[in-house]
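Engineer: Give me the fold of what follows.
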Amino acid sequence: MSWFKRIKKGITTPTKDKKETPDGLWFKSPKGHIIETSELEKHAYVVPADGYHKRIGSDEYFNLIFDEGTMKEINKSLSSGDPLKFEDTKKYTDRVKASQQKTGLKDAIRTAHGKVDGQPLMIACMDFKFIGGSMGSVVGEKISRSIDYCIKHKTPLMIISKSGGARMMEAAFSLMQMAKTSAKLTLLSQHKIPYISYLTDPTTGGVTASFAMLGDINIAEPGALIGFAGPRVIKETIGKDLPEGFQTSEFLLEHGFLDFIVDRRELRDKLSQTLRLFKN
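Structural biologist: Residues are numbered from 1 along each chain as shown. Here you go, the predicted structure:
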């Protein structure tokens with residue numbers, strides 16, 4: 001019976017004295033590889049064992065791309081209104097305020113200019129954590145104003161897309177941003193100023209159907225979900241199984257929708273090289 005009884009004490013720590021592992025100390029990729037969060041940050045939030053790219057926000061991208069001390073954010077105070085007086089289970093204005101308090105962001109995009117290896121660049125970077133990175137009037141307006149800045153200062157533009165699509169709470173106002181941003185990008189092209197579109201996981205809906213696919217160069221992160229409607233909707237509509245890897249950045253590259261795929265750890269160097277090629 002001694003097999004089923006602990007004879008000696010002190011072999012393990014009593015349950016009451018055990019300490020919980022702090023949240024966020026470790027990160028586990030979908031393939032099961034575990035890495036310390038601090039180590040993950042050193043690798044630009046990419047899991048070295050399998051190359052999985054963890055979703056990150058505008059802060060991380062700005063720190064990763066811009067030369068230290070050169071970044072300056074513009075149009076920081078723009079915030080969504082409620083022209084349609086949208087009410088569902090929760091007022092739209094209340095949801096915007098809640099998202100602002102939770103994320104510390106004003107809306108789903110931030111715009112900033114700075115230097116990349118000494119070369120000027122304007123970046124408009126979307127944040128998925130703000131209402132799913134949905135595109136409303138503020139997103140369209142901030143992209144438009146960043147394009148105005150680029151035209152005035154002859155500065156290349158980069159948009160980092162990460163979005164679930166148009167913001168339904170703004171209805172037609174949101175859909176109008178597709179035409180608005182596309183028209184502004186036409187002006188940028190007429191001034192012969194480069195536009196680099198960087199698609200990350202996920203880039204879907206009206207964002208994909210407008211500015212995300214209009215770059216002079218369209219590039220993406222490995223394994224990113226990129227498309228208009230989701231795979232489930234498409235499968236149910238056509239009544240057929242979808243190809244393996246459908247709507248991943250690798251699938252789009254193979255079918256000619258992308259110019260190339262860039263590992264986030266190499267993004268800064270690739271950008272510097274691309275900007276020099278445009279300049280020359």
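Engineer: Domains in this protein, by residue range?
Structural biologist: Following automatic domain parsing, the chain resolves into domains at 1-54, 55-279.
Engineer: where among these is the average confidence lowest?
Structural biologist: Ranked by mean pLDDT, those end with domain 1-54 at the bottom, a mean of 75.
Engineer: Quick check: the gap between residue 198 and residue 176.
Structural biologist: As defined by C-beta to C-beta, to the nearest Å, residue 198 lies at a distance of 24 Å from residue 176. For the C-beta atoms, the positions are set from N, CA and C on the backbone; glycine is no exception.
Engineer: Please identify which of those two sits among more neighbours.
Structural biologist: Per other C-beta atoms under 10 Å, whichever of residue 198 and residue 176 has more neighbours is residue 198, with 27 against 14.
Engineer: Tell me where the stretch 151-280 of the chain has strands.
Structural biologist: Assigned by DSSP state E, counting those that start in this stretch, the strands in the stretch 151-280 of the chain fall at 157-163, 195-203, 217-220, 260-261.
Engineer: Ok, the stretch 1-150 of the chain next?
Structural biologist: Going by DSSP E, counting those that start in this stretch, the stretch 1-150 of the chain shows strands at 26-28, 34-36, 72-74, 109-116, 119-126.
Engineer: C-alpha coordinates for the fourth one, PDB please?
Structural biologist: Output for strand 109-116, consisting of C-alpha atoms alone and laid out as PDB, is shown next (Å, rounded to 0.1, in the frame of the first residue of the first chain):
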ATOM      1  CA  ILE A 109      -4.600  53.400 -38.100                       C
ATOM      2  CA  ARG A 110      -1.700  55.600 -37.200                       C
ATOM      3  CA  THR A 111       0.400  57.700 -39.600                       C
ATOM      4  CA  ALA A 112       4.000  58.700 -39.100                       C
ATOM      5  CA  HIS A 113       7.000  59.800 -41.100                       C
ATOM      6  CA  GLY A 114      10.700  59.300 -40.500                       C
ATOM      7  CA  LYS A 115      13.900  57.800 -42.000                       C
ATOM      8  CA  VAL A 116      14.800  54.300 -43.000                       C
END
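Engineer: Relative to that strand, what are the paired strands and their orientations?
Structural biologist: strand 72-74 (antiparallel), strand 119-126 (antiparallel) (DSSP bridges).
Engineer: Deepest-packed of those, please.
Structural biologist: strand 119-126 (a mean of 23; mean count of other C-beta atoms under 10 Å).
Engineer: And the helices in the stretch 51-200 of the chain, which stretches?
Structural biologist: 58-65, 92-103, 137-153, 171-190 (DSSP state H, counting those that start in this stretch).
Engineer: And those: which comes nearest residue 222?
Structural biologist: Smallest distance to residue 222 across those (C-beta to C-beta): 15.5 Å, for helix 58-65.
Engineer: gap between the residue minimising distance to the centre of the chain and residue 53?
Structural biologist: Of all residues in the chain, the one closest to the mean position by C-alpha atoms, centre = their mean is residue 162, 3.2 Å from it. Using C-beta to C-beta, we find residue 162 at a distance of 11 Å from residue 53.
Engineer: who touches both of those two?
Structural biologist: By C-beta atoms under 8 Å, 6 or more residues apart in numbering, residue 162 and residue 53 have these common neighbours: 200-201.
Engineer: So residue 212 is in contact with residue 197, correct?
Structural biologist: Yes: applying C-beta atoms under 8 Å as the test, residue 212 and residue 197 come out as touching, 5.6 Å apart.
Engineer: which of those two has more neighbours?
Structural biologist: It is residue 212, of residue 212 and residue 197, that has more neighbours when counted by other C-beta under 10 Å, with 27 against 23.
Engineer: Next one: the more buried one from residue 27, what distance?
Structural biologist: Taking C-beta to C-beta as the measure, residue 212 falls 27 Å from residue 27.
Engineer: what's the answer for residue 116, then?
Structural biologist: From residue 116 over to residue 27 the distance is 27 Å, taken as C-beta to C-beta.
Engineer: Many thanks, I have nothing further to ask.
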